[in-house]
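S.K.: give me a 3D structure for the following:
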Amino acid sequence: ERLRAARAHEPEHHEAHAPHDELHDPQVVENRHERREEDDRGQDLEGEDEPDRLVLAGRGVPHLPAEAREEVEDIAIIGMAGRYPGANTMDAFWQNLMAGTDSVTEVPTSRWERARLSGVKSPSGKEMSRWGGFIDDPDCFDAQFFRVSPWEAKLLDPQQRQFLEVCWEGIEDAGYTPRSLVAPRGRHQRRDVGVYVGVMHNDYAILTADAVARGQHMPVSLNYAQIANRVSYFCNFHGPSMAIDTVCSSSLIAVHMAVQSLRSGECEVALAGGVNLSVHPIKYLTYGLMDMHSSEGRCRSFGKGGDGYVSGEGIGAVVLKPLSKAIRDNDHIYAVIKGSTTNHVGSVSGLTVPSPVAQADMIEACLDKTGIHPRTISYVEAHGTGTSLGDPIEIQGLVKAFGNYTSDKQYCAIGSVKSNIGHAESAAGISGLTKVALQLEHGMLVPSLHSQELNPYLDFENSPFYVQHRAEPWKRLTVQEHGSEVTCPRRAALSSFGAS
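M.R.: A predicted model of the protein is given here:
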């Protein structure tokens, strides 16, 4: 699957052999200020920080006329929460991003003894990674608050526990409780709130199976469904509740599905996000034998010398609501999701081989769907795993897609949160979405790390992009439209890929 959500346009086309993530999600997002005024007709007046409804019709731009475009409502992000390496709160995460902190460390001994993988090498001679981005206290859980017995809490996958806590924090951040988030409706007083979570690993089942093999008989958690279902159960939500596994694009696919559900009226509010923990060395052994991990413990997104990625942990969730209802309810709005698309690469030369053609098709579909011209997008949060082949393929796709609309060079910043926290795998998309929403909220761009010396196979000078290397104010783009100078709202694009 491939997804592009209302943030940006996706990469493009090119066939190559690389075990690189190939499921995506393009999104285009704008910023909105939470303060609004009404005119005498009861309509919203856009303030200085409000996004304009701008559509550029540039030279040779494939452009759908307004009447041919399906009218769908924008979706507001009204709450956020998350836990990432070196940051247990959104404020700490933002401070780390602003400071350009690399939160990757060696594997803590509390996870596993590194000696367990000592001496093991891949067929190419690469040692197993000893690096990763790790959250604090993944085993801690407020069982009493969430009405879980100590025995049951011990059996629950910590991903289930962590996601439940983060969803609660996200609802609180939006200024609500589960009871007040939506009004109960109908004869049975149902609360139509959807819950969507991206997840791909189940390390805890292996840990539990190891314990069973040692004679400790206990149930083994064998599926992901309860990660979302536990939230719906505890909060008494009655909308769709599902776990989604499209590997490294899982959490943005979750956001995409939540957006679709809101637009169809299937739910009134949705929680969407992802979770990823590394609690057993078998993942490191598996990916290490496949030469997927970096030999130096860094994600060199767009940088020279990258030979793999660093696994990272993360738990994140956003609270989503149709924009008109968020304005009506005077919600704080971090960002506005304009649209999203998803697809699959189809038949290429290998199951994990990226196709910039398919990526570009998806990006262009998102552009036409939203009526957004890429010349008005000023930031791209790329997948950017930092591999020598994967990054050039992604950039080539983006260049090709944007090139169908504009020939302008180096007007759009690009970065990747993986350079800060590692590749959060099934939570990679939500970590990128959170970073972009925080940048929109603060009006700042933060540095992308480990790329001062760029990958020589990336020709940024002849592309619309430049790598964001420092923290600085996010300036709005000014463009010419029909002979007039127009200042655009801050707009960002977000990509996510899965290797299957």
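
S.K.: in stretch 335-350, what counts as buried?
M.R.: 335-345, 348 (16 or more other C-beta atoms under 10 Å). All C-beta spots, glycine's among them, are computed from the backbone N, C-alpha and C.

S.K.: and for stretch 181-198?
M.R.: 181-182, 191-198.

S.K.: quote the end-to-end distance of that stretch.
M.R.: End-to-end distance for stretch 181-198: 22 Å, by C-alpha to C-alpha, to the nearest Å.

S.K.: could you shift the numbering so residue one becomes 21, and keep it that way?
M.R.: Sure, I'll start counting at 21 from here, so that last one is stretch 201-218.

S.K.: pLDDT of it, averaged?
M.R.: When pLDDT is averaged over stretch 201-218, the result is 96.

S.K.: do stretch 467-487 as well
M.R.: Average pLDDT, stretch 467-487: 96.

S.K.: chain center to that stretch, what's the gap?
M.R.: Here the centre of stretch 467-487 is set off from its chain's centre by 21 Å, with C-alpha atoms, centre = their mean, to the nearest Å.

S.K.: outside of it, which residues touch it?
M.R.: Contacts to stretch 467-487, defined as C-beta atoms under 8 Å, 6 or more residues apart in numbering, come from residues 120, 122, 318-326, 394, 400, 404, 406, 408, 411-412, 415, 418-419, 422-423, 426, 428-436, 439-440, 488-491.

S.K.: what does stretch 306-315 give?
M.R.: So stretch 306-315 is in contact with 39, 137, 140, 142-144, 146-149, 151, 304, 320, 326-331, 406, going by C-beta under 8 Å, 6+ apart.

S.K.: of the buried residues of stretch 201-218, which is the nearest to residue 187?
M.R.: Residue 187 lies nearest to residue 215 out of the buried residues of stretch 201-218, by C-beta to C-beta, at 7.2 Å.

S.K.: tell me if I'm right that that closest one and residue 256 touch.
M.R.: No. Contact between residue 215 and residue 256 fails when scored by C-beta atoms under 8 Å: they sit 11.7 Å apart.

S.K.: pick out the residue nearest the middle of this structure.
M.R.: residue 449 (1.8 Å; C-alpha atoms, centre = their mean).

S.K.: so it is in which element?
M.R.: helix 448-462 (DSSP states H and E).

S.K.: how about that helix as PDB, C-alpha atoms only?
M.R.: The C-alpha trace of helix 448-462 is given here as PDB (Å, rounded to 0.1, in the frame of the first residue of the first chain):
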ATOM      1  CA  ALA A 448       7.600   6.500  11.300                       C
ATOM      2  CA  GLY A 449       4.700   8.300   9.600                       C
ATOM      3  CA  ILE A 450       3.100   9.600  12.800                       C
ATOM      4  CA  SER A 451       6.500  10.800  14.100                       C
ATOM      5  CA  GLY A 452       6.900  12.800  10.800                       C
ATOM      6  CA  LEU A 453       3.400  14.100  11.000                       C
ATOM      7  CA  THR A 454       3.900  15.200  14.600                       C
ATOM      8  CA  LYS A 455       7.200  17.000  13.600                       C
ATOM      9  CA  VAL A 456       5.400  18.800  10.700                       C
ATOM     10  CA  ALA A 457       2.500  19.800  12.900                       C
ATOM     11  CA  LEU A 458       4.800  21.200  15.600                       C
ATOM     12  CA  GLN A 459       6.800  23.100  12.900                       C
ATOM     13  CA  LEU A 460       3.500  24.700  11.700                       C
ATOM     14  CA  GLU A 461       2.400  25.400  15.200                       C
ATOM     15  CA  HIS A 462       5.700  27.200  16.100                       C
END
